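Asker: Pasting a predicted model and its sequence here:
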Amino acid sequence: MTSIPPYTNKECQSIEDSYERLSREIEDFAHFVQPTANEQDHKRKTLEYIEDIILPVKADAAMEPFGSYVTGLQFPNSDIDINVDIKYCSNPKRMLRVYSGVLKRNRYSYKIKNVFFVGSASIGVIKVSMVNGIEVDITCNNDIQSSKRTEQWLSQYPDLRPLFMVLKFALSHIRVDGQRNFSCISAAHGGLASFTLICLIVSFLQLRAESVPGINDNNRYAMLLLNFLEYYSTFKTTVHGISLKGEGALVKPSTISNKVDISHICIENPDGVAVGDPNVARATSKFHIIQYVFRMMHEDLSLALKNNSNGLILPAIFGRFDCIVNKQKLRIFDSDTKIYSNPFHTIKRKYDGRDEMTSSQPPTTKVKKSRKHANKN
């Protein structure tokens with residue numbers, strides 16, 4: 001019998017019904033990955049260090065964390081996102097350069113390992129690596145409304161957190177063969193931003209959760225995860241866009257964005273935008289590959305459930321799971337990198353709602369041993 005991953009126990013493994021077992025695994029995993037008191041204390045001290053350095057530079061500056069640190073949708077080694085709001089600032093990037101210099105000068109006093117300013121991004125960001133392994137991203141006058149919206153949804157939809165934590169961890173360790181510059185959970189590399197994944201889950205919970213066949217309290221998370229993967233693996237992005245306002249709805253994608261094709265999914269910003277593209281998922285440029293990954297994950301989970309042995313189910317998409325503890329007693333989670341074969345032989349250039357990708361070979365799966373910790377953010 002294989003060893004039991006640290007996120008669950010023998011009691012879970014002994015559950016006879018495989019769907020109920022998977023549901024318990026998901027619940028156990030979501031609980032296990034919550035930061036410990038020690039991990040939260042390290043992050044709190046890191047915020048205090050950054051605040052001590054940043055705030056004295058400009059009197060009208062205010063510092064506010066956002067993202068996973070605020071919403072709680074974080075892994076122990078997730079980055080901390082910080083926005084510096086400056087009331088009178090005509091050039092945020094120039095101000096970030098100033099902050100970058102100040103941080104570098106205070107490296108040794110505040111246990112900072114490295115400081116990098118990335119000016120090529122549209123909003124600019126300072127990347128700070130602390131000696132304790134915690135990483136911080138600092139922006140200036142950034143829109144952080146998505147964090148506040150996520151907090152609201154977490155209160156409204158209790159199923160959101162466990163589904164997100166499992167999906168994000170699994171997706172962060174999946175690669176598609178031949179897609180070198182693609183990452184499932186990075187919008188910068190054509191994949192999903194964390195907030196886009198949150199929006200997908202919320203829309204599914206709004207429109208489909210209560211109509212899932214056979215769902216009950218004991219198998220709820222398993223049925224939701226399987227149906228989420230199946231739903232979006234066949235989602236017609238040229239026919240449907242997603243509105244998250246009110247109780248949610250499917251709308252014509254052209255009412256959200258003028259970029260409508262199989263590679264993009266249109267999700268209307270629930271809080272609206274004053275200018276620019278209202279599509280939350282505008283940076284996701286390879287959604288057709290995400291859909292393929294969803295389909296493969298669904299097949300892997302379905303096969304594990306069908307076998308219905310006493311084994312655990314999540315390893316079908318996680319592979320080997322490791323929990324490493326560093327010198328500061330901060331946990332780092334790792335898994336094998338799962339590599340799906342590239343099924344895309346050609347992609348038609350014209351999209352009319354009926355086009356599909358053609359496959360030159362049956363999809364296969366291979367597992368690559370990896371020590372790369374991909375579950376940040």
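Answerer: Received, thanks.

Asker: Distance of H240 relative to E268?
Answerer: To E268, H240 is 12 Å away according to CB to CB, to the nearest Å. C-beta coordinates here come from the backbone N, C-alpha and C atoms, glycine included.

Asker: Overlap in contacts, these two.
Answerer: V251 (CB atoms under 8 Å, 6 or more residues apart in numbering).

Asker: neighbour-wise, which of the two wins?
Answerer: Set H240 next to E268 and count neighbours by other CB atoms under 10 Å: E268 wins out with 23 against 16.

Asker: Show me what that one is bridged to.
Answerer: Applying DSSP bridges to E268 yields these beta-bridge partners: N279.

Asker: what sits against it?
Answerer: Counting by CB under 8 Å, 6+ apart, E268 touches G241, I242, S243, L244, K245, V251, T255, I256, P278, N279, V280.

Asker: Filter the residues you listed down to just the ones in strands.
Answerer: G241, I242, S243, V251 (DSSP state E).

Asker: coming back round to it: tabulate the contacts of E268 (CSV), appending neighbour count and pLDDT.
Answerer: As requested, the contacts of E268 are exported to CSV (neighbours: other CB atoms under 10 Å; pLDDT from 0 to 100):
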residue, neighbour count, pLDDT
G241, 23, 97
I242, 27, 98
S243, 20, 97
L244, 21, 96
K245, 13, 92
V251, 14, 97
T255, 12, 94
I256, 23, 95
P278, 18, 89
N279, 24, 94
V280, 27, 93
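
Asker: Adding distance to I144, write those residues out as JSON lines.
Answerer: Formatted as JSON lines, these follow (distance: CB to CB, whole Å):
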{"residue": "G241", "distance to I144": "24"}
{"residue": "I242", "distance to I144": "22"}
{"residue": "S243", "distance to I144": "22"}
{"residue": "L244", "distance to I144": "18"}
{"residue": "K245", "distance to I144": "20"}
{"residue": "V251", "distance to I144": "26"}
{"residue": "T255", "distance to I144": "26"}
{"residue": "I256", "distance to I144": "22"}
{"residue": "P278", "distance to I144": "17"}
{"residue": "N279", "distance to I144": "19"}
{"residue": "V280", "distance to I144": "14"}
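
Asker: and which of these is nearest to S233?
Answerer: Using CB to CB, I242 comes nearest to S233 of the contacts of E268, at 15.4 Å.
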